[in-house]
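# give me a 3D structure for the following:
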Amino acid sequence: MTAGKLIAYLAAAILIFFGVLFIWATFSPQGTLGWLFIGLVSVGIGFGLIYLASRRPAPASEDQATLKIDLPGEIGLEKLQCKNCGGTLTADDIKIVAGAPVVTCPYCGTSYQLNEEPKW
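From the prediction side, this is the model:
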């Protein structure tokens, strides 16, 4: 959750809390009709903030890097399968995390680091 969303949710909670208090105070012996209006507006703005904060997409992270590997010679690609369920994995399922290739299976949700086995 970003700081902006957190602030919006806190402000919404405060507005809704005080709005409900104003609505409740309207029905006291000293209450006026103006308090009802203030309470309804506060509650409406609070729910509006919640709606806007929940619909706003998270900002895109700019910490992403693309790693391109140029392999010499002819390279034959093997079919990559999940170690847990045997599901077929694609290049989209592999991400670089802390400099190591990590695969996440779209079928069973298992994540593990890829280890290159020697070919000899």
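# roughly how far does Leu52 sit from Tyr9?
11 Å (Cβ to Cβ, to the nearest Å). For every residue, glycine as well, the C-beta is placed using N, CA and C.
# neighbour count winner among these two?
Legend: neighbour count by other Cβ atoms under 10 Å for Leu52 and Tyr9, higher for Tyr9 (16 against 12).
# give the contact list for that one.
By Cβ atoms under 8 Å, 6 or more residues apart in numbering, the contact list for Tyr9 reads 49-50, 53.
# and those, which are buried?
The neighbour count (16 or more other Cβ atoms under 10 Å) marks 49-50, 53 as buried among the contacts of Tyr9.
# export those to TSV and tack on distance to Pro29 and secondary structure?
Shown next, in TSV, are the buried ones among the contacts of Tyr9 (distance: Cβ to Cβ, whole Å; DSSP: H, G, I helix; E, B strand; the rest coil):
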residue	distance to Pro29	secondary structure
Leu49	32	helix
Ile50	33	helix
Ala53	38	helix
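# packing partners of the helix or strand bottoming out on mean pLDDT in the chain?
Ranked by mean pLDDT, DSSP states H and E, the weakest helix or strand in the chain is strand 94-97, scoring a mean of 82. Helices and strands in packing contact with strand 94-97 are listed as strand 100-104; criterion 3 or more Cβ pairs under 8 Å, 6 or more residues apart in numbering; DSSP states H and E.
# so what strands line up beside the strand it packs on?
Each strand that pairs with strand 100-104, with its direction, by DSSP bridges: strand 94-97 (antiparallel), strand 111-113 (antiparallel).
# who's in contact with the first one?
Residues outside strand 94-97 that contact it (Cβ under 8 Å, 6+ apart) are 65, 67, 101-104, 114.
# give me the domain ranges for the protein.
The chain resolves into domains spanning 3-55, 65-120 when parsed by automatic domain parsing.
# deepest of those, which one?
Counting by mean count of other Cβ atoms under 10 Å, domain 3-55 has the highest mean neighbour count of the domains of the chain, with a mean of 14.
# how far does it stretch from start to finish?
Domain 3-55 has an end-to-end distance of 15 Å (criterion: Cα to Cα, to the nearest Å).
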